[in-house]
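S.K.: Using only what follows, build the 3D model:
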Amino acid sequence: MMEAMRQAQANGELEFRAGARSSEPPGFPLRTVLGVLASGAAYYLATQIAWLLCFPDSKVSLFFPPHAVLVSILLLVPARHWWVYTLAAACSHYFATQQANWPPLYALQCAAFDAVKYVLAAAGIRLFIKSPFNRITLREAIIFVLIGVIVVPFGTAFWGAAFTVSNHFGTDYWVEWRNLGVSNAVTAIVLVPAILLGANQLFARRIKAVPWRILEACVLAAGTVAVGYVAFNRLPAGPDTSPALLYAPVPLLIWTALRFGLGGVSASMLVVTVMAIWGTMHGHGPFLTQTPAENALALQLFLLVAATPAVLLAVAIGDERRSKEALRASEERMSLAVESAQLVLWDWDVANDRVWITEEGRKLFSFDPGEPLHYVNLAGRVHPDDRAVRAAAIQHALATGGSYEAEYRVILPDGSVRWIAARGRSFTPAASDAPARVLGVSMDITRQKQADTEAQVQREELAHLSRVATVSVLSGSLAHELSQPLTSILTNAQAGQHFLSRDAPDLAELRAIFADIVSADRRAVEIIERLRTMLRRGRVTLQAVDVKESLEELLRLARSDLVARGVSVSNLAAGDLPPAITDRVQLQQVLLNLIKNACEAMESNPPEDRNLTLTASVAQNELRIGVLDCGVGLPEDIESLFQPFHSTKDGGLGMGLSIGRTLVTAHGGRLWAERRAERGAAFYVALPLAKLV
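M.R.: Numbering: from 1, shown residues only. Have a look, this model is predicted:
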């Protein structure tokens, strides 16, 4: 038996688990052959023990160890090797029966019966039980009892009793059925767990031995042996023997279940079983007051009734202990996660208006440890401007039985202000319409809010610096644009002075002159206002913009620079275009930078070959604006153009495209570049379309 377990351990199958598969290669290596031979020898020895456990002058076997031996072996070895282990056991059984002069046909029937019984029990246990036997759950333990103790033993007993009676080894079919079923049931509940757990403990990689636990185990073992000796071996049999002695081991079994779990109960129950059988067979104990068959049945029922609840109790205790350990480990992991994420957990008992909050939460909201907390305490810390929004979110969650999310500020007693992000969920009991409690988590997001504010300021500074940088590009255009209205104003003013010097000035002509002065002045004001808008610092507000109109205005603004560079423009943004969500000035700033880059890319071209093309189209729910040139083209790594401080021009800062992409992305759009099929480069700006109300 020990050799078989060693081979099972070598095959990687000792840890009993339903459905487990070995990684052992096909075939029968030497260790498997040795395991099969050892199993056959163990089965033969167990058979001899079973015959010794029959009452004198009786064919009733009180205990049938071969059943437990082979079922345990099948649970410890790969399923593909079951047939060879079962065959070895059948051969051992047949050899033992022939030594006892059994009829060959009856011996073969018994071997077949036992083989079917063992395979059915092992297959059922593996199929329905998924945990290692030392960590079996209560549900799986009940399944083990149903399969191994009830269904298989008593189900197969119908067949066994039939051929036993037919071969004249029994006189009453139902008595033989009962004897076979009870004997195998007792063996399964007492010996199978003991073998499996013993094998697991024997070959465990690490056995923890705490001194006080060893001492307690020794005390329990000594007590069990002493009580068993008194109850089953010391007192003579007879009518004066008290049946109360049967209950003597029960307190020790309960103690063992509480302290040592399934392994301890299995070992203790095995000791009680051996002592009860030994005492009964030697004429002692409370089981010798009737006929031999009735005495055997009484002893078997005692063992079955004592072992089954004890095993289930031990499993239930172990299951509960593992659940508590898992819960404690889960709580520790949650606590670590909460502390690492700097979260605050809270629980609001709505009916009684009591709030529980973690110590970190008390520190965050500046509440003293142990100070009773109510909803009004927390609400009093909330910033007055945020109270209405937070209260509305909580009331909505209470009314709907759902969750709420809110971001709000709290004012602490020292006057400091902190931002809090909170999320909660209300729970409504089945028998009430009012929510019993609200569970939630809060987080201090002050640093995040500060970082967002600083990032927004930096974005505005970047946009402002970018707008200032475009002044150099606009200087030529502004000089040209302003020179025209200023020259017109000067000329008309001089003409007006000339007309006023006459004795009879022409009033109609003077009105026309003054009208021209006003018109030129307004034009100059518009040009200056556009410049001020581009240079103005402040938060950008995205709104619906007429892109076609903005492109036309941009071309008027850049006309002088384009003429000076000898660049002709083809504006293909014709037809009706839907408005896009953007900022008009920043969009013009980005496009002006793209136009300037396109002009510089075509500087080496002949004047007649400097053509700039503007396109605008709608695709995939966005408006795409293209700036196409026929210049030197793009580098191998196109994305490098959008990296800060990367420039392909002598003396360039390499910030224009990077800033442009930042601005367009902030508007919810995209900026990218493509190579043109013929030559040159194409830069595209895609913006989201404005939703029509």
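
S.K.: Next SSE downstream of the lengthiest helix in the chain?
M.R.: The longest helix of the chain (DSSP state H) is helix 292-341. Of the helices and strands lying after helix 292-341 in sequence (DSSP states H and E), the nearest is strand 343-349.

S.K.: Note down every partner strand of the helix or strand following that following strand and its orientation.
M.R.: Going down the chain from strand 343-349, the next helix or strand is strand 354-357, by DSSP H and E. Strand 354-357 has the following strand partners under DSSP bridges: strand 343-349 (antiparallel).

S.K.: got the CA coordinates for the partner strand in PDB?
M.R.: Coordinates of each C-alpha in strand 343-349 appear next as PDB, following Å, rounded to 0.1, in the frame of the first residue of the first chain:
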ATOM      1  CA  LEU A 343      -9.400  55.800  -0.600                       C
ATOM      2  CA  VAL A 344     -12.000  56.400   2.200                       C
ATOM      3  CA  LEU A 345     -14.700  53.800   2.900                       C
ATOM      4  CA  TRP A 346     -17.900  54.800   4.500                       C
ATOM      5  CA  ASP A 347     -21.300  53.300   5.400                       C
ATOM      6  CA  TRP A 348     -24.400  55.500   6.100                       C
ATOM      7  CA  ASP A 349     -27.200  53.900   8.000                       C
END
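
S.K.: mind listing what's buried in that strand?
M.R.: Counting neighbours by 16 or more other Cβ atoms under 10 Å, one finds that the buried residues in strand 343-349 are 343, 344, 345, 346, 348. Backbone N, C-alpha and C define where each C-beta goes, glycine included.

S.K.: one step back: between strand 343-349 and the longest helix of the chain, find me the angle.
M.R.: Helix 292-341 runs at 120 degrees relative to strand 343-349, counting by axes from the mean of the first three to the mean of the last three Cα atoms, to 10 degrees.

S.K.: chain center to helix 292-341: distance?
M.R.: 28 Å (Cα atoms, centre = their mean, to the nearest Å).

S.K.: Which strands or helices does it pack on?
M.R.: Helices and strands touching helix 292-341, by 3 or more Cβ pairs under 8 Å, 6 or more residues apart in numbering; DSSP states H and E, are helix 138-144, helix 173-202, helix 250-281.

S.K.: Output the ones you listed as JSON lines; include the columns distance to residue 332 and mean pLDDT.
M.R.: Formatted as JSON lines, those follow (distance: least, Cβ to Cβ, whole Å; pLDDT from 0 to 100):
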{"stretch": "helix 138-144", "distance to residue 332": "25", "mean pLDDT": "91"}
{"stretch": "helix 173-202", "distance to residue 332": "27", "mean pLDDT": "86"}
{"stretch": "helix 250-281", "distance to residue 332": "23", "mean pLDDT": "84"}
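
S.K.: closest to residue 442 out of those?
M.R.: Checking the helices and strands packed on helix 292-341 against residue 442 by Cβ to Cβ gives helix 138-144 as the closest, at 38.9 Å.

S.K.: Determine the set of other helices and strands touching that closest one.
M.R.: helix 104-128, helix 292-341.

S.K.: among those, which is the most enclosed?
M.R.: Of all the helices and strands packed on helix 138-144, helix 104-128 has the most neighbours on average by mean count of other Cβ atoms under 10 Å, namely a mean of 18.

S.K.: what's that helix packed up against?
M.R.: helix 65-76, helix 82-99, helix 138-144, helix 152-166.
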